[in-house]
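Novice: Structural data only, the sequence is not supplied:
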């Protein structure tokens, strides 16, 4: 029987072969995506762990030597991990000082570097010679002792340096900590109060997020594609099964043959999926969707993953085939069909409403406290809505059909309405992938537009954008929380060296104004945002440095924002800071909030100034950034989400397009005989085209309207609950793209017209 | 006999003794008693009874919609009657589970329907061998058993063709070969010439009657064509869901 099943599967003629190929391709695509998602999750997790050693110890800025969980009084290694920046790239720097031969060694190093030595990553080693010493290499004292091996690198392109220092140099520096071992797994969560130093990688929440997004937004459309391909030529297969039942095949034998057919496609598709994954693994590893590419070996699958997919997918296909046959109940006289199929019932909207209720409940009562609780709440809510759209689709199609039926008078409309009314499930199935894609597109567009209101959008004049800011105060929630030990007045030598750099146009010192915030109408803060911390600046310095604003006439000291990047947007050169009633002498005695080096914006000038500042203040509370660089970094996460959303949209739309094309073409092939008979009786091709378009357009438009509406509704609930923002309408581009997507879908339907002409010729009525 | 073909006819069980009223007719092998069958609100059979003896050819005639095909489907165990009984070779057929009825169809019945009965993915010889394959026969043995039928039915050279490459008459003869290959006790033929021209139809009917008489196979033949019915030993007429008349055919086959 197995041989007979195989024989029927592989030599069933062109139609069966096309079905087998499409089904295999659909399963291959699904398996490829599944494997990619699983391996990406493994890779993100591995990359998180690769950052772990850099997060060893707690960077308590005001308590030097107060380490985190991995330290102790007898620790034989001093370590200070900071981040550095060069031409848009982050450099991870670890200064270490071994206090004895048993000192722990950072991963990837053969030994701890001694004072005057450093180990660097291959990428940084390649970068160093490309820049003048004063712009990059000058930041790292000593000479290169070797390269850091893979074990110490989060990514092949990571810029990492481990600088050897003496214990005497490090032990009194803020942030330096004694460690007896390095972290091997990333901390569960990062916030300023626990042991995360550099917070590299996506973290476990990021992993869960990526997995959830991929699972919901990509795998569901793929499953619909597989389901559509499975139903291809269903009528022809059912006819064949009926013929076999007539000559005595038992239901069990028919189930076995159907299972063999599906399993062959599933096995071939699974093999193709694995092939696809291994072929695409290298290019995929190079995509920096976590900000850094992966080591290709880490985009890998565990044995359990491989066995689960390799055995699970074909087994699932066999089970599904058997289950599907139970539903069609093939008798020796053909498929048992009801004369009048029961229409879809209203209960089908329950999952959709349940999903909305889930999100609505948390929007009203507040989101769960834990990250995992929030993930569960959102994932369940959105999953219910997406599944609900698919379940409710036939009912909505039927509702749309009834509306259309009231105005149906032309024969094409009547035929389409009758068919839609008879089987709204089949009609909706063709467009279900597209409906999901529209929902996903609406949600991502709405949420990203809303999230963009958080985007640091203030635009400044060139002088502000190109000002390199060395921040000495730890500013959070509108107040200066702490001050680094380096926040004294800069030595004259440092200022002189900075001024000697070609392209440096001036230096302005912002001094702390303890406990004060600044409120200006020009700041245009979003509702609920606290006013920024205030700083004091000498009007003489402001006047000598064009572009950063000016003082009111007669004032000696002005009040500014502690961080220049929080100043009112626009051309600051024309802005007048409010006067401060503080003597200049008092200002000079206050600690520095920040040192602002105005540059001409050239990379050389900025990097030279950064090198001078880093050497002068090696343990400043942050790396010196220009205001422009700070904008870029601040928006990087949003850009990454946008990129992820674009990829998901493109992929899900493509899959949905394939589903639609296969479904419409398959539907045509199944009805070629009745259509050809209609043509024989005088119906024009135009009428058949009218039927085809209506059959797809009605469910598409009816359910698309609901999907888009539900998408906005779900996004509004989510943004209220999770982002604490009011939903913002997406840009015109969203509406234009939605229209283009629907037009393209209709174009896919129109593209089947040549097939319609070819397969409904008079010879079909004769030969079928 | 099939020589070890699992799908071949097993030793026949004793007949029930239910016999057609007419004296001298062979013992009844298949019988429907007061069968009632409805499709939804539409009644198809309203208490139809019919019996056929071993080796007998019985034609069921009647106008369209009279219920003659439904009666054949109930006799063949394809449809379960709502009321009444169907007996085959001494056992109640209509109460058997579907799997058992499938096995009886495979091993002891044969079918020739109007159209759409060949599996398009299989060649003609594989179609003929299908009942044997479904019965567990090895492919080579099943094909060996199937091939002689091509010569007997004038289908030489058609063995490797697919159903789409056969004419209507050729396809019906392939279906006849498939219906006969397992040496069935009863052959059910539902409008076997309905889609054929008169010449092809007569060829199919003469081959069918010859083959079934050679093997002693009972034939239940549904037709609305008097010329086809003339090949039968006996005719019954179904009207409005009941067997309303009995008639005896002249000689079994028009000359």
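Specialist: All right, it came through fine. Nothing here was measured: the structure is a model prediction, and the numbers come from that model. Numbering: from 1, shown residues only, chains lettered A, B, ... in the order given.

Novice: Which neighbouring elements make contact with the lengthiest helix in chain B?
Specialist: Identified as the longest helix of chain B according to DSSP state H is helix B:198-215. Contact analysis of helix B:198-215 by 3 or more Cβ pairs under 8 Å, 6 or more residues apart in numbering or on different chains; DSSP states H and E lists strand B:57-61, helix B:168-180, strand B:186-190, strand B:218-222, helix B:226-229 as its packing neighbours. (Glycine included, C-beta is placed from N, CA and C.)

Novice: what's next to that helix, contact-wise?
Specialist: By Cβ atoms under 8 Å, 6 or more residues apart in numbering or on different chains, the list of residues contacting helix B:198-215 from outside reads B:55, B:57, B:112, B:152-154, B:167-169, B:172-173, B:176, B:180, B:183, B:187, B:189, B:192-193, B:196, B:217-219, B:225, B:227-228, B:231, B:252-253.

Novice: What parts of the stretch 1-150 of chain B come near chain A?
Specialist: Neighbours of chain A within the stretch 1-150 of chain B, by Cβ under 8 Å from any Cβ of the partner chain: B:39-40, B:73, B:78-79, B:98-99, B:102-107, B:109, B:111, B:113, B:116-122, B:126, B:130-131, B:133-136, B:139.

Novice: The residue of the stretch 401-550 of chain A found nearest chain B: how many residues sit nearby?
Specialist: The nearest approach of the stretch 401-550 of chain A to chain B comes at residue A:422, 15.9 Å away (Cβ to the nearest Cβ). By other Cβ atoms under 10 Å in any protein chain shown, 16 other residues sit near residue A:422.

Novice: ok, residue A:460 - contacts?
Specialist: Counting by Cβ under 8 Å, 6+ apart, residue A:460 touches A:567, A:569, A:570, A:571, A:572, A:627.

Novice: which bits of chain A sit near chain B?
Specialist: By Cβ under 8 Å from any Cβ, the part of chain A that sits against chain B consists of A:1, A:3-4, A:7-8, A:11-13, A:16, A:236, A:239-240, A:243-253, A:331-333, A:339, A:767.

Novice: those helices in the stretch 351-500 of chain A, which residues are they?
Specialist: Secondary structure of the stretch 351-500 of chain A (DSSP state H, counting those that start in this stretch): helices at A:371-405, A:411-422, A:424-451, A:462-465, A:492-500.

Novice: Could you export those to JSON lines, including columns for mean pLDDT?
Specialist: Output for the helices of the stretch 351-500 of chain A, formatted as JSON lines (pLDDT from 0 to 100):
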{"stretch": "helix A:371-405", "mean pLDDT": "85"}
{"stretch": "helix A:411-422", "mean pLDDT": "80"}
{"stretch": "helix A:424-451", "mean pLDDT": "83"}
{"stretch": "helix A:462-465", "mean pLDDT": "87"}
{"stretch": "helix A:492-500", "mean pLDDT": "87"}
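
Novice: tell me the most buried of those helices?
Specialist: helix A:424-451 (a mean of 25; mean count of other Cβ atoms under 10 Å in any protein chain shown).

Novice: what's that helix packed up against?
Specialist: Applying 3+ Cβ pairs under 8 Å, 6+ apart, one finds that helix A:424-451 contacts helix A:220-230, helix A:371-405, helix A:627-670, helix A:685-718, helix A:732-750.
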